[in-house]
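> here is the input, now give the coordinates:
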Amino acid sequence: MATHEGNGATRSVIAIVGEGLVGSRVALNLSSSGVEVRHIRSRDIREALRCDVAVLAHGGRHAGLLSTLAAEGVAAVSVGDDLEDVMASLDLHERAVTRGTPIVVGAASSPGMSGLLLAHVARAFDVVDEVHVAAHGTGGPACARQHHDALAGTAVGWHDGEWMQRPAGSGRELCWFPDPVGPRDCYRYASSEPVLLQRVAPSLNRITARVSATRRDRLTARLPMLAPPHAEGGVGGLRLDVRGTRNGARRVEIVGVAERTALVAGAVAAQTALALVSHPVPAGVHNLGQPSLPNAEILDGVVAAGITLHEFVGA
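Prediction:
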């Protein structure tokens, strides 16, 4: 549904569900885009049905609302990263196809920006066969709570064509993020990254996802948070270690970003919503990096919004 301006032209309507930090960053990114932006509280879901694209930026599960939007034929973008919720959202594919509706899941920083970076870096390879993702930092309070819970769950990974499960909080690895974040100890966590990245590049033989954590984070992961989360964390980081072959030789590319996580998530979600407005994206459930989406244009929009890409250069 589009609104009509006085001169007879139409403006697309993008609704933002949720009033938190990421939702405000989405709105900021859309403020100069020429679309009409509507803010909707997560409990006022009927308002989300009167728009061209709904961006789900609220805390908690998203699959239920995505199901409703798909049934009503409303395109949607979800920033949710919870593994079980993302899996439930992917199961809506046939419903979305039947209703002719495109839905994009995991459109935040990790996942989201990670898929865009993988699609971008993959052009430097003939074949990519490994990707190892590491994330640092959180966005708003809901993101911080999800980070806390994810260290207590079960981590999934893709290894030589099979899914593996490992305890979250295990597999310590020192990962170097772009400055000013620098080196951080990172551990496996219950992330949807491996599932979504395997959909981006089915040629991958190995996919891992880790998140930075302190000893206290790991010890208290199965307990309620000891202190309320901050309104917004400091500078976050995302790092992709991509490996494969080019002209018969092994090649490694390491790329990433260092920015407040909510800023990255807001830019990615906003640019994805604009892509659904301006491009004929096929019906069904997609995630960033898949060839069904205009990934290069979305990434260009994210960079234009002020997110700087970093590449590791060295021996």
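
> contacting residues around residue 118?
Contacts for residue 118 (Cβ atoms under 8 Å, 6 or more residues apart in numbering) come out as 128, 131, 197, 200-201, 240, 242, 289. Just so you know, the C-beta spots here come from the backbone N, C-alpha and C atoms, and that holds for glycine as well.

> residue 244 too?
Residue 244 neighbours (Cβ under 8 Å, 6+ apart): 122, 125-130, 250-251.

> between the contacts of residue 118, identify the one with the most neighbours.
Of all the contacts of residue 118, the highest neighbour tally under other Cβ atoms under 10 Å goes to residue 131, namely 29 neighbours.

> Three-state assignment for it, please.
The three-state label given to residue 131 by DSSP: H, G, I helix; E, B strand; the rest coil is strand.

> please name the bridge partners of it.
For residue 131, the beta-bridge partners are residue 207, residue 242 (DSSP bridges).

> start the count at 69, not 1, going forward
From this message on, residue numbering opens at 69, which makes the last subject residue 199.

> wait, doesn't it sit right on residue 320?
No. The criterion here is Cβ atoms under 8 Å, and residue 199 misses it with residue 320 at 10.8 Å.

> hey, what's in contact with both of those two?
Contacts common to residue 199 and residue 320, judged by Cβ under 8 Å, 6+ apart, are 309-311.

> could those be laid out in a markdown table, adding distance to residue 122?
Formatted as a markdown table, the shared contacts of residue 199 and residue 320 follow (distance: Cβ to Cβ, whole Å):
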| residue | distance to residue 122 |
| --- | --- |
| 309 | 34 |
| 310 | 32 |
| 311 | 37 |
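
> export these as CSV, with columns for pLDDT.
Output for those, formatted as CSV (pLDDT from 0 to 100):
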residue, pLDDT
309, 98
310, 98
311, 97
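
> what mean pLDDT does the strand or helix carrying residue 202 get?
Taking DSSP states H and E as the criterion, residue 202 maps to strand 195-204. The average pLDDT for strand 195-204 rounds to 97.

> may I see the buried residues of that strand?
Going by neighbour count (16 or more other Cβ atoms under 10 Å), the buried part of strand 195-204 is 196-204.

> distance from that strand to the middle of the chain?
Distance, stretch centre to chain centre, for strand 195-204: 14 Å (Cα atoms, centre = their mean, to the nearest Å).
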